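1. sharing a sequence plus its predicted fold:
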Amino acid sequence: MYAAEVLGKFSVYRESAPLSVSMASTQCLRNFILISPLTAHINTHVISGRAPMPPMMMRYRCSMDAKSVGGDVFSVTSSSKSDVDYLGESTKGDFNLKSEHLQGLGIDGQASLEGPIEEIARVEAQEAEVLLRDLGIPNPSSSRDSPRGIFCSRTLNLRSISAIGYDMDYTLMHYNVMAWEGRAYDYCLENLRNMGFLVDGLTFDPDLVIRGLVIDKERGNLVKADRFGYVKRAMHGTKMLSTRAVSEMYGRELVDLRKESQWEFLNTLFSVSEAVAYMQMVDRLDNGAIAAELGPLDYKGLFQAVGRALFRAHVEGQLKSEIMSKPELFVEPDPELPLALLDQKEAGKKLLLITNSDYHYTDKMMQHSFNRFLPNDMGWRDLFDIVIVSARKPEFFQMSHPMYEVVTGEGLMRPCFKARTGGLYSGGSAQMIENSLNIHGDEILYVGDHIYTDVSQSKVHLRWRTALICRELEEEYSALIRSQGHRASLIELINQKEVVGELFNQLRLSLQRQIKGRPAQTLAATNMDDQELAESMQKLLIVMQRLDEKIAPMLEADGELFNRRWGFLSRAGLWDKSHLMRQVEKYADIYTSRVSNFLHYTPFMYFRSQEQTLAHDSHSYYQSQFNGTAVEN
């Protein structure tokens with residue numbers, strides 16, 4: 001099984017990444033073939049190099065020859081015969097050994113593995129690690145400890161996935177944020193100027209905001225909330241508010257994203273230009289720089305005005321026309337991305353493109369991003385079984401809209417009621433796609449960058465499996481690594497204050513009991529007179545105050561390597577998760593920084609969620625996690 005998965009990563013499209021394996025190993029590996037679950041197409045992979053053949057491969061070589069490997073040996077679990085495993089995942093797509101083949105060779109599947117299975121598994125795992133290392137492939141568990149890893153919130157068996165749908169913008173295609181959002185900001189300001197707003201002197205500052213913040217449209221604030229909805233940091237206009245001001249303003253109020261009249265969640269990088277423009281215009285409104293003829297504007301009305309200005313830039317096509325004319329200025333190419341999709345397609349997955357962008361923009365940008373990296377004169381359309389443009393997400397997942405087939409290169413369309421393989425369509429609904437492919441619910445994985453439009457709606461309404469793309473994870477991961485020393489020092493100080501504080505509280509209770517004429521908790525405390533207690537408490541208070549003076553700025557600085565105003569994307573405070581991270585865990589089964597990260601895994605990967613630590617887990621466990629590879633906050 002290891003060999004089949006290993007070899008699935010090396011095909012004729014990997015000429016840029018040669019391997020190093022011995023000639024003996026080469027002969028052995030030639031006898032392993034990959035069976036596509038749906039087409040039963042056999043791809044023989046031939047590799048060469050200079051490493052000794054592991055003992056495990058030798059044993060496999062002795063028990064199988066090239067003629068016996070394939071359909072006669074393995075079967076693939078179909079939907080009708082699938083079950084659920086002990087983690088509750090479907091077994092659809094799993095490889096199985098055919099018992100009749102073993103019997104024909106005179107092999108007893110149980111007797112051929114003599115000894116306790118724990119010992120057998122330990123030896124096999126060790127040898128598998130050696131083979132993976134010889135092939136230059138990282139251990140699956142080590143992939144999590146990487147900025148390019150795929151992280152799992154809910155266990156997901158990729159083998160059971162029959163179709164994978166993709167969003168396009170900021171998912172299959174990553175834009176240079178400074179270039180794309182900078183131009184969107186420029187068009188927004190130009191439209192605001194035409195509406196009568198004074199915008200002279202304003203410049204685009206992408207560091208002013210990060211994904212996952214929430215705009216308070218009633219107060220003109222930008223806030224960062226924790227997983228419970230409590231506001232931890234806030235900015236009014238472009239000025240950060242003090243901790244005291246945040247407490248006084250939001251101490252009795254929780255962020256509730258269902259209250260759309262007040263809260264606007266920055267779901268995606270497309271929100272950056274709008275948020276920057278709005279916060280800067282809040283300053284202008286506060287300073288009285290909004291013309292009187294525009295009428296009495298409050299913060300909510302100002303938000304609507306900025307939204308209209310940005311919407312015009314998109315609807316009138318100014319921005320996208322400029323990007324289509326010079327895509328190389330706005331798109332960051334990813335040569336690995338088409339290869340990752342090829343792996344999935346050749347593994348029998350139906351690939352879908354479902355984007356809100358129109359046909360002409362989609363075709364131009366996909367040609368630019370994909371065609372040059374595909375082999376054998378393939379075009380981007382050859383990757384996808386069905387393409388949906390102008391999908392109108394999130395409504396695409398919620399209700400049924402008319403579907404039209406795009407039938408000419410100029411974009412002419414005709415009505416249709418059922419999608420077919422290889423087709424290009426506009427509009428329609430997710431339900432139509434399910435019916436056309438005869439694939440439903442958790443057999444479909446949808447990958448997108450927008451928590452609401454892509455991830456939550458496909459899961460809530462259709463129970464599709466979901467993956468979130470968040471490019472900032474790479475920068476955050478690196479910032480967390482560089483912050484380890486700072487965070488360790490901070491935790492040490494907090495632990496010291498906790499111990500000192502506990503002694504202070506005990507002495508305070510002793511003093512309280514002495515005043516009331518009752519004995520203290522311990523004999524030693526009972527023997528202390530009032531003056532001794534007071535002097536000891538005074539010293540401890542001074543120590544704690546000085547610790548606070550040290551801890552407070554260190555807490556404020558935590559995460560500044562990612563963003564000096566807002567800290568880390570996924571955290572709100574030292575130990576708690578941000579509201580964004582809570583949304584990711586709730587709606588995204590897996591999340592990663594870019595689609596091409598799938599290339600570092602096989603299309604048959606079993607993503608297993610890690611243990612979630614709880615408040616009553618041991619302190620030593622938390623400490624070991626912190627000193628190891630990661631901390632679950």
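-> Perfect, I can see it now. On a predicted model such as this, the values are computed, not experimentally measured, just so you know.

2. in the longest helix anywhere in the chain, which residues are buried?
-> The longest helix of the chain (DSSP state H) is helix 484-515. Across helix 484-515, burial judged by 16 or more other C-beta atoms under 10 Å covers Arg487, Leu490, Ile491, Leu493, Lys497, Val500, Phe504, Leu507, Ser510, Leu511, Gln514. Where C-beta positions appear, they are placed from N, C-alpha and C, glycine not excepted.

3. helix or strand right after it?
-> Per DSSP states H and E, the first helix or strand lying C-terminal to helix 484-515 is helix 523-526.

4. helices and strands around that next one, which ones?
-> helix 484-515 (3 or more C-beta pairs under 8 Å, 6 or more residues apart in numbering; DSSP states H and E).

5. next one: the helix or strand where Val276 lies to chain centre, how far?
-> Using DSSP H and E, Val276 sits in helix 271-286. Relative to its chain's centre, helix 271-286 lies at 27 Å (C-alpha atoms, centre = their mean, to the nearest Å).

6. would you mark the buried spots in it?
-> Neighbour-count burial for helix 271-286 [16+ other C-beta under 10 Å]: 271-282, 284-285.

7. contacts for it next, please.
-> 177, 181-182, 184-185, 188-189, 192, 197-199, 202, 204-206, 208-209, 211, 213, 215, 220, 222, 235-239, 266, 290, 297, 299, 302-303, 305-307, 309-310 (C-beta atoms under 8 Å, 6 or more residues apart in numbering).

8. where in the stretch 101-250 of the chain is pLDDT low?
-> Low-confidence segments of the stretch 101-250 of the chain (pLDDT under 70): 101-113, 140, 143.

9. all strands for the stretch 451-600 of the chain, in order.
-> 465-469, 590-592 (DSSP state E, counting those that start in this stretch).

10. nearest to Gln583, of the buried residues of helix 271-286?
-> Nearest to Gln583 among the buried residues of helix 271-286, counting by C-beta to C-beta, is Ser271 at 13.8 Å.

11. so how far is Ser458 from that closest one?
-> 20 Å (C-beta to C-beta, to the nearest Å).

12. for the protein, identify the residue most remote from the centre.
-> Distance from the C-alpha centroid of the chain peaks at Gly517, with 60.3 Å (C-alpha atoms, centre = their mean).

13. mind listing what it touches?
-> Applying C-beta under 8 Å, 6+ apart, no residues qualify as near Gly517.

14. ok, now Ile590?
-> Ile150, Phe151, Cys152, Ser153, Arg154, Leu156, Thr466, Ala467, Leu468, Phe607.

15. number of nearby residues for the fourth one?
-> When counting by other C-beta atoms under 10 Å, one arrives at 20 neighbours for Ser153.

16. pLDDT value on the nearest residue to it once chain neighbours are set aside, please?
-> Excluding the flanking residues, the one nearest Ser153 by C-beta to C-beta, 6 or more residues apart in numbering is Glu585, at 4.7 Å. At Glu585, the pLDDT value in this model is 94.

17. give me the neighbour count for Glu585.
-> 18.

18. related to what we said a few turns ago, packing partners of the longest helix of the chain?
-> helix 523-526, helix 530-557, helix 619-627.

19. looking at those helices, which is closest to Ile388?
-> helix 619-627 (42.5 Å).

20. mind showing which ranges of the stretch 451-600 of the chain have poor pLDDT?
-> 525.

21. one more: the stretch 251-400 of the chain?
-> 315-316.

22. mind giving me the domain split of this protein?
-> Using the TED database, the domain ranges for the chain come out as 89-137, 163-172+333-470, 177-325, 483-568.

23. start to end distance for the shortest one?
-> Using C-alpha to C-alpha, to the nearest Å, the span of domain 89-137 from its first residue to its last is 26 Å.

24. ok, now the longest one?
-> Start and end residues of domain 177-325 are separated by 18 Å (C-alpha to C-alpha).

25. so which strand or helix has His360?
-> Here His360 is assigned to helix 359-370, by DSSP H and E.

26. I'd like the next helix or strand past that helix.
-> Helix 359-370 is succeeded, C-terminally, by strand 386-389 (DSSP H and E).

27. what helices and strands are in contact with that next one?
-> Strand 386-389 packs on strand 350-354, helix 359-370, strand 423-427, helix 430-437, going by 3+ C-beta pairs under 8 Å, 6+ apart.

28. got the CA positions of the helix or strand that it is followed by in CSV?
-> Downstream of strand 386-389, the first helix or strand assigned by DSSP H and E is helix 395-398. Written as CSV, here are the backbone C-alpha positions of helix 395-398 (Å, rounded to 0.1, in the frame of the first residue of the first chain):
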residue,chain,number,x,y,z
GLU,A,395,-26.9,31.4,-3.6
PHE,A,396,-25.4,28.6,-5.7
PHE,A,397,-25.4,26.4,-2.6
GLN,A,398,-28.7,27.6,-1.2
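
29. circling back to that earlier point, which of the buried residues of helix 271-286 sits closest to Ser429?
-> After measuring those against Ser429 - C-beta to C-beta - the closest member comes out as Ser271, at 25.7 Å.

30. where do the strands sit along the stretch 101-250 of the chain?
-> With DSSP E, counting those that start in this stretch as the criterion, the stretch 101-250 of the chain has strands spanning 150-152, 156-157, 163-166, 174-175, 214-216, 221-225, 231-236, 239-240.

31. quick one: which of those is nearest Thr522?
-> Here strand 231-236 is closest among the strands of the stretch 101-250 of the chain (C-beta to C-beta), at 38.8 Å.

32. just the helices in the stretch 201-350 of the chain please.
-> 243-250, 271-286, 299-315, 318-325, 336-346 (DSSP state H, counting those that start in this stretch).

33. so which bits of the longest one are buried?
-> Buried residues in helix 299-315, counted by 16+ other C-beta under 10 Å: Tyr299, Leu302, Phe303, Ala305, Val306, Gly307, Ala309, Leu310, Arg312, Ala313.

34. so what's the fifth one closest to, chain neighbours aside?
-> Pointing back at Val306 there. Tyr278 (4.7 Å).

35. now do the last one
-> With sequence-adjacent residues excluded and distances taken as C-beta to C-beta, 6+ apart, Ala313 is closest to Tyr187, at 3.5 Å.

36. Thr155 versus that neighbour, what's the distance?
-> According to C-beta to C-beta, Tyr187 and Thr155 sit 44 Å apart.

37. rewinding a little: and of the helices and strands packed on strand 386-389, who's closest to Gln318?
-> helix 359-370 (12.7 Å).

38. who touches the closest one?
-> With C-beta under 8 Å, 6+ apart, helix 359-370 has contacts from 168, 172-173, 320, 323-324, 327-328, 331, 333-334, 337-338, 353, 355, 357, 379-380, 383, 387, 389-390, 406, 411, 424, 426.

39. list the residues that contact Ser82.
-> Counted by C-beta under 8 Å, 6+ apart, Ser82 has contacts Ser90, Thr91, Lys92, Gly93, Asp94, Ser160.

40. buried subset of those residues?
-> Ser90, Lys92, Gly93, Asp94, Ser160.

41. nearest to Arg372, of these?
-> When the buried ones among the contacts of Ser82 are compared against Arg372 (criterion: C-beta to C-beta), the nearest one is Gly93, at 31.9 Å.

42. excluding its backbone neighbours, what's nearest that closest one?
-> Arg159 is the one closest to Gly93 (C-beta to C-beta, 6+ apart), at 3.5 Å.

43. quick one: that neighbour from Glu405, how far?
-> 32 Å.

44. the more surrounded of those two?
-> The neighbour comparison of Arg159 against Glu405 (other C-beta under 10 Å) goes to Arg159, with 24 against 18.

45. wouldn't the more buried one be in contact with Phe607 here?
-> No. Between Arg159 and Phe607 there is no contact under C-beta atoms under 8 Å: 10.8 Å.

46. so what's Phe263 bridging to?
-> Heads up, residue 263 is Trp, not Phe. Asp216 (DSSP bridges).

47. report the separation between it and Glu274.
-> For Trp263 relative to Glu274 (C-beta to C-beta), the value is 14 Å.

48. with Cys416 instead?
-> The separation that Cys416 has from Glu274, given C-beta to C-beta, amounts to 35 Å.
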